[in-house]
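*Asks:* got a predicted structure here, sequence first:
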Amino acid sequence: MKRRIVAILTAVALIVPATGIFTFAADADQGSVSGGWTESGGYYIDGVPGMTDTYTSGIPVVPGLKVASTLSGVPSPTPDKHTGKRLKRMNSAELVESAALGETVWYYKRHYTTARMELIDGTVKTTSGRRWNVNATRAESPYYLPAWYENTEARTYWGS
């Protein structure tokens, strides 16, 4: 009888992790993290102990940013990829307008991406709002034509 119980428990111990039953528990333990990109400061992560470094040129120095999920159905603690950039176009008056574009890939995780055109003091001029989804999100702010005296910056944000 004891051998049978041990055999059943061993089988359960081997099968349960492979099925992803613990996906939700792993997701709940991660807490809330956020980060993003700014033209002046580059990429950054907030809310993850030990991951407060910034990275430049789109190449993260934070180990978790580009690490894909290790088990099927289990998200990594930070996005697998986040990119931000400024878009430019010329309007009918031949003046340059700008918008922010953010894209985030975070497998198996419900998350958002926000894109904003802001003044350098943080005043929001245009925003995409939070774009929520699982696995991948894309956010583009409306185009903005700054006054001659305004110093604008494209900024993108992600979170869960």
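*Replies:* Nice, thanks for sending it over. Residues are numbered from 1 along each chain as shown.

*Asks:* going forward, measure contacts between C-alpha atoms and count neighbours the same way
*Replies:* Noted.

*Asks:* next SSE after the lowest-mean-pLDDT helix or strand in the chain?
*Replies:* Lowest mean confidence among the helices and strands of the chain (mean pLDDT, DSSP states H and E): helix 23-29, at a mean of 36. For helix 23-29, the succeeding helix or strand toward the C-terminus, using DSSP states H and E, is strand 34-38.

*Asks:* what are the contacting residues of that following strand?
*Replies:* With contact meaning Cα atoms under 8 Å, 6 or more residues apart in numbering, strand 34-38 is reached by 43-47, 82-84, 153-160.

*Asks:* cool, stretch 127-138 as well?
*Replies:* Residues contacting stretch 127-138 (Cα under 8 Å, 6+ apart): 101-117, 139-142.

*Asks:* pLDDT averaged over it, what's the number?
*Replies:* Mean pLDDT, stretch 127-138: 97.

*Asks:* do stretch 149-160 as well
*Replies:* 96.

*Asks:* got it, and stretch 83-92?
*Replies:* Averaged across stretch 83-92, the pLDDT comes to 97.

*Asks:* buried residues in that stretch?
*Replies:* If you call a residue buried by 16 or more other Cα atoms under 10 Å, then stretch 83-92 has these buried ones: 83-86.

*Asks:* in this structure, which strand is the longest?
*Replies:* In terms of residue count, the longest strand belonging to the chain (DSSP state E) is strand 96-119.

*Asks:* same for that strand, what does it pack against?
*Replies:* Secondary structure elements in contact with strand 96-119, counted by 3 or more Cα pairs under 8 Å, 6 or more residues apart in numbering; DSSP states H and E, are strand 81-90, strand 124-127, strand 131-140, strand 152-159.

*Asks:* angle of it against strand 131-140?
*Replies:* Interaxial angle of strand 96-119 relative to strand 131-140 (axes from the mean of the first three to the mean of the last three Cα atoms, to 10 degrees): 130 degrees.

*Asks:* next, the buried residues of strand 96-119.
*Replies:* 98-119.

*Asks:* got it, and stretch 133-151?
*Replies:* 133, 135-146.

*Asks:* now the nearest residue to Gly84 once chain neighbours are set aside, which residues is it bridged with?
*Replies:* Nearest non-adjacent residue to Gly84, counting by Cα to Cα, 6 or more residues apart in numbering: Gly102, 4.5 Å away. On the basis of DSSP bridges, Gly102 takes part in beta bridges with Gly84, Ala139.
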